[in-house]
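# Structure of the sequence below:
(2 chains)
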Amino acid sequence: MIEVKDLVKRYGNHLAVDHLTFTVERGEVLGFLGPNGAGKSTTMNMLTGYISATEGSIVIDGHDMYEEPELAKKNIGYLPELPPVYPDMTVREYLSFVADIKKVPASKKKNMIADVMKRTQITDVADRLIKHLSKGYKQRVGLAQAIVGYPEVIILDEPTVGLDPMQIIEIRDLIKELAKKHTVILSSHILSEVSVVCDKVMIINKGKLVVTDTPDQLSKHLRKTEGVELYLKNVGKELLEKLASLENVEHVETGKQDKDGIIKVIVYTAENVEIRDRLFYLLAEAKCPIYGMNKVSMSLEDIFLELTQNDAVSETAENRKKAVEDGQKDGMDKKQRKDGQEEENKEKEEVDKAEVKENKTEEKGGESNASDL
Amino acid sequence: MLAIYKKEMKSYFHSIIGYVFIAFFLALIGLFVFFYNLNYEYADFAITLYGIRMFGAFLFPIITMRLLAEENKQKTDQLLFTSPLSISKIIWGKYLAVVTIYAIVMAVSCVYPLVLSKYGAVNFKGDYAAILAFFLLGCAYLAIGMFISAMTESQAFAAVITLIVILFTVFSSTIAGFLPTDNKTAWLFFALIFMILTLVIYVMMKNMTVTLLFCSISEIVLAVLYLIKPTIYDGSVVRVSDWFSVISRFDNFMYGIFDVSAIVYYISISLLFVFLTMQVIKKRRWS
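From the prediction side, this is the model:
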């Protein structure tokens, strides 16, 4: 359905998209995942023919985007980051205009608009001016616009940004429903969204494809995958060593002891190894009560962080551990300890940056939205 | 194309802009009819049009400023340029919409010669030729306004630049008339013009090599021309400024002469700027 080959977009010296190659089959839902500035929107703008690629080719349903743009674009419905709505039109007028420019035959137009409004649940605001609608409704009008004409491919750029949790769920359901009939590409920096909706996930970072797989299989691409989290009381060094020497155990991490003397211990294992029963017997034998036991596998969030910020994060994590260990060592002067803490804070900031960025873009969306009014 | 045209027409008449433009333009024509035809008792409506020719600078930006700047700002251009419509159809749809609004004004003003004929002999042929020429003159300005609107996201900026450009075309021949006509001044004048062009190129392309190349080649050619054949510069400033003098081509119509070259000039300016608008949009996609 969609074939993308060696797609490159260069802005001056800046490489926004770096040799992306992928295909999407009919009826598939593909999720683009990546931090802000990863090149998701640029890629989508190229897929829809809004901007042109520096190199590479895009073929949609057998039509090359640069050789037969009109035929290729006919198969695409696109919801950009900001819904491209005219504030001075009513919802019905707007959708009617969209149907016109998408060359929907006049005989089908009325029914199609009614159906699209029903599906996106905007029938009750059909005759209101778009500038008077809330952000959530505007987003839905944008989505309705993408569906008009029932194109084969629907491309959605961050469809749930700026919506409240209830609306997010509704939009997700709608996307799932669309996926039954259409090929859908959506981008997001929210991982749970992608894992819920998509058949296939592409993680992009700095314009490069990091990994592409189904949401369940993504964890395959990681180094440390599974572990068991234990809450133990009065655990000695000897016992910890014993735990570490168990078969298939890679290493053991301990957390801080709380005031009841309970300590968190994480036992990392290779993939698909069950050690919980052996842990139980070992600890029972050592008369060490287990206050809690959890199997931990890396969440999509961890995968995302690890894959996109790969070097930076794992390094900072190690440094942090070191700093904490150093801090605990006896005979260490205060100044050093302070350094360690400072470093730790810095690292935290770095990790937090991604989140801050997210918030910023959302604010931006809100601002421009406000200026519409 | 029809969809875009209909949408633009609707947006002009759903908002105040379309009415403001038509009302102001008609009021202005009415006022000048009162001055020239009723008060001074001129029989020619062409003279009235001649009188208001430079007020277009303030009127045309009203309808052209939002044409593409607003789409750029609202990001609705993403909808238009990802739709199966080609860029040329979108631009023509928009251009024809503003031309239609202007045509309404001109159509209404066709009534004046009829009214005036009640009170004396009126040169109908001359008057309607002048109305046609004035219409085409406006079309040229509308194309220029659309071109400027395509380059920016700000309506206000588009309006101001359009105003300045139109005023420039109004006064260019007058200003040129004041400049000394000797060869050396002409040479220095063109050298300066190309310097400014160089600056514009640098701002648009941000490429030092191309800019320097353009600057040095153009300046060298000008200097060599001056050294080899200084007579080529004789009266050249006036000649060149005449190319841009959209207004002065209307003069003949005031005297009742049907000037075909002016008609061709207006149509070509319109087509050129519609074409350039498409190029601006295509260029933005590629950068």
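# wait, what's in contact with residue 105?
Using chain A. Contact analysis of residue A:105 by Cβ atoms under 8 Å, 6 or more residues apart in numbering or on different chains lists nothing. The way it works is simple: take the backbone N, C-alpha and C, and place the C-beta from them, glycine included.
# could you do chain B instead?
B:21-22, B:25-26, B:29.
# Most neighbours among the residues you listed, please name it.
Among the contacts of residue B:105, the one with the most neighbours (other Cβ atoms under 10 Å in any protein chain shown) is residue B:25, at 25 neighbours.
# Just the pLDDT at the nearest residue to that one once chain neighbours are set aside, thanks.
Nearest in space to residue B:25, with sequence neighbours left out and distances taken as Cβ to Cβ, 6 or more residues apart in numbering or on different chains, is residue B:105 at 4.5 Å. Predicted confidence (pLDDT) for residue B:105: 95.
# how does the chain divide into domains?
Let's take chain A. A:2-220, A:223-297, A:309-373 (automatic domain parsing).
# Let me rephrase: I mean chain B.
By the record's domain assignment, chain B is partitioned as B:2-178+B:242-286, B:182-234 (automatic domain parsing).
# Deepest-packed of the ones you listed, please.
Of all the domains of chain B, domain B:2-178+B:242-286 has the most neighbours on average by mean count of other Cβ atoms under 10 Å in any protein chain shown, namely a mean of 19.
# Please measure how far the first residue of that one sits from its last one.
This stretch, domain B:2-178+B:242-286, spans 27 Å end to end (Cα to Cα, to the nearest Å).
# try stretch B:171-188
OK, stretch B:171-188 end separation, Cα to Cα: 21 Å.
# And for stretch A:35-45?
OK, stretch A:35-45 end separation, Cα to Cα: 17 Å.
# Same list (the domains of chain A) but as a markdown table, adding mean pLDDT.
Below are the domains of chain A laid out as a markdown table (pLDDT from 0 to 100):
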| stretch | mean pLDDT |
| --- | --- |
| domain A:2-220 | 88 |
| domain A:223-297 | 80 |
| domain A:309-373 | 45 |
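# I'd like the ones you listed laid out as CSV, including distance to residue B:135.
CSV is the format used below for the domains of chain A (distance: least, Cβ to Cβ, whole Å):
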stretch, distance to residue B:135
domain A:2-220, 28
domain A:223-297, 74
domain A:309-373, 36
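# Need phi/psi at residue 54.
Here I'm looking at chain A. Phi and psi for residue A:54, reported as degrees, to the nearest 10, are phi -70, psi -40.
# That one: what's it in contact with?
A:8-10.
# Can you tell me how far it is from residue A:16?
For residue A:54, the distance to residue A:16 (Cβ to Cβ, to the nearest Å) stands at 9 Å.
# what touches both of the two?
Counting by Cβ under 8 Å, 6+ apart, the contacts common to residue A:54 and residue A:16 are A:9-10.
# and the domains of chain B, which one is worst for confidence?
Mean pLDDT values for those show the minimum at domain B:182-234, a mean of 83.
# And the residue of the stretch 51-200 of chain A closest to chain B?
Nearest residue of the stretch 51-200 of chain A to chain B (Cβ to the nearest Cβ) works out as residue A:100 at 3.3 Å.
# Phi and psi next, for that residue.
Dihedral angles (degrees, to the nearest 10) for residue A:100: phi -60, psi -50.
# wait, doesn't it sit right on residue B:3?
Yes - using Cβ atoms under 8 Å, residue A:100 is in contact with residue B:3, at 3.3 Å.
# Quick check: residues of the stretch 101-250 of chain A near chain B?
Contact residues (Cβ under 8 Å from any Cβ of the partner chain) of the stretch 101-250 of chain A with chain B: A:101-103, A:145.
# Give me the distance between residue B:7 and residue A:239.
75 Å.
# Doesn't the residue nearest to residue B:25 belong to a helix?
Yes - counting by DSSP: H, G, I helix; E, B strand; the rest coil, residue B:105 is located in a helix.
# Look up the closest residue to the residue in the stretch 51-200 of chain B that chain A sits nearest to, ignoring the ones flanking it.
Using Cβ to the nearest Cβ, residue B:79 is the residue of the stretch 51-200 of chain B that sits closest to chain A, at 3.8 Å. Distance criterion Cβ to Cβ, 6+ apart; nearest residue to residue B:79, sequence neighbours excluded, is residue A:84 at 3.8 Å.
# any idea which element the one you found lies in?
Per DSSP states H and E: residue A:84 is located in neither a helix nor a strand.
# And for residue B:153?
Here residue B:153 is assigned to no helix or strand, by DSSP H and E.
# tell me the contacts of it?
Taking Cβ under 8 Å, 6+ apart, we find residue B:153 in contact with B:69, B:72-73.
# Show me which of those residues is closest to residue B:134.
Checking the contacts of residue B:153 against residue B:134 with Cβ to Cβ, the nearest one is residue B:69 at 26.1 Å.
# can you tell me how far the closest one sits from residue B:41?
Distance from residue B:69 to residue B:41, by Cβ to Cβ: 44 Å.
# what's the answer for residue A:41, then?
66 Å.
# now swap in residue A:209 and tell me
Plainly put, residue A:209 is 80 Å away from residue B:41 if you go by Cβ to Cβ.
# With adjacent residues omitted, what lies nearest to the spatially most central residue of chain B?
Most central in chain B under Cα atoms, centre = their mean is residue B:141, positioned 2.2 Å from the mean C-alpha point. Spatially, and ignoring its direct neighbours in sequence, residue B:141 is nearest to residue B:60 (4.6 Å; Cβ to Cβ, 6+ apart).
# what about residue B:129, helix or strand, and which?
Going by DSSP H and E, residue B:129 is in helix B:124-150.
# Tell me the helix or strand right after that helix.
helix B:155-178.
# Just give the number of residues close to the residue nearest to residue B:79.
If you count neighbours by other Cβ under 10 Å, residue A:84 ends up with 24.
# Run through the residues of chain B sitting next to chain A.
B:2-4, B:6-7, B:10-11, B:14-15, B:74-86, B:206, B:285-287.
# Look up how far residue A:12 lies from the residue in the stretch 101-250 of chain B that chain A sits nearest to.
Closest contact between the stretch 101-250 of chain B and chain A, by Cβ to the nearest Cβ, is at residue B:206 (7.6 Å). If you measure residue B:206 against residue A:12 using Cβ to Cβ, the figure is 8 Å.
# Repeat that for residue A:138.
In terms of Cβ to Cβ, residue A:138 sits 33 Å off from residue A:12.
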